[in-house]
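**Student:** Just the structure for this:
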Amino acid sequence: MLGTAVLAAAVLLALAGPGTSSAQAVDGFCAGRKVRTLPFSTGRVDVFKSRGYVCAVAVAVAKRTGARKSMSVSVKARGGRPARDKGHYSHHAGPVTVHAGHRCVWVKGNISGRGVSSGWILC
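**Tutor:** Next up, the predicted model:
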């Protein structure tokens, strides 16, 4: 029993690894470290960055657990095409990831008709 617990803890630590944020280890949405949180009335968009890649996920405010809502999230590197996820989800939309290198990115998120648009960030 103790051996199983130690093995499970070792696996969790290996998965979290160096350079990952606690948010990523818990949520498992995006690789890298959280660099922005863009809040709005029905949720938030969390933005992560790792080795030139930018990842975003829109997370709903949990007012009614399990209720499916219209959600979308997109991230676009300057000069590139946006990566998008759109649908009816109960908790989050995304993750979506683009290779940004050292370019600015524009992040958008929307949940139940309310949303946020970042403008060019991470320049």
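
**Student:** V45 reaches V116, doesn't it?
**Tutor:** Yes: assessed by CB atoms under 8 Å, V45 is found in contact with V116 at 5.9 Å. Every C-beta, even on glycine, is put in place using the N, C-alpha and C of the backbone.

**Student:** Need the residues touching each of those two.
**Tutor:** Counting by CB atoms under 8 Å, 6 or more residues apart in numbering, the residues touching both V45 and V116 are 38, 107-109.

**Student:** Roughly how far does the residue nearest the centre of the chain sit from C104?
**Tutor:** Geometric centre of the chain, nearest residue: V57, 3.0 Å, by CA atoms, centre = their mean. Shown here: V57 relative to C104, a distance of 19 Å by CB to CB, to the nearest Å.

**Student:** in stretch 62-80, what counts as buried?
**Tutor:** Neighbour-count burial for stretch 62-80, counted by 16 or more other CB atoms under 10 Å, picks out 69, 71-77.

**Student:** Same question for stretch 98-115.
**Tutor:** Under 16+ other CB under 10 Å, the buried positions of stretch 98-115 are 98, 100, 103-111, 115.
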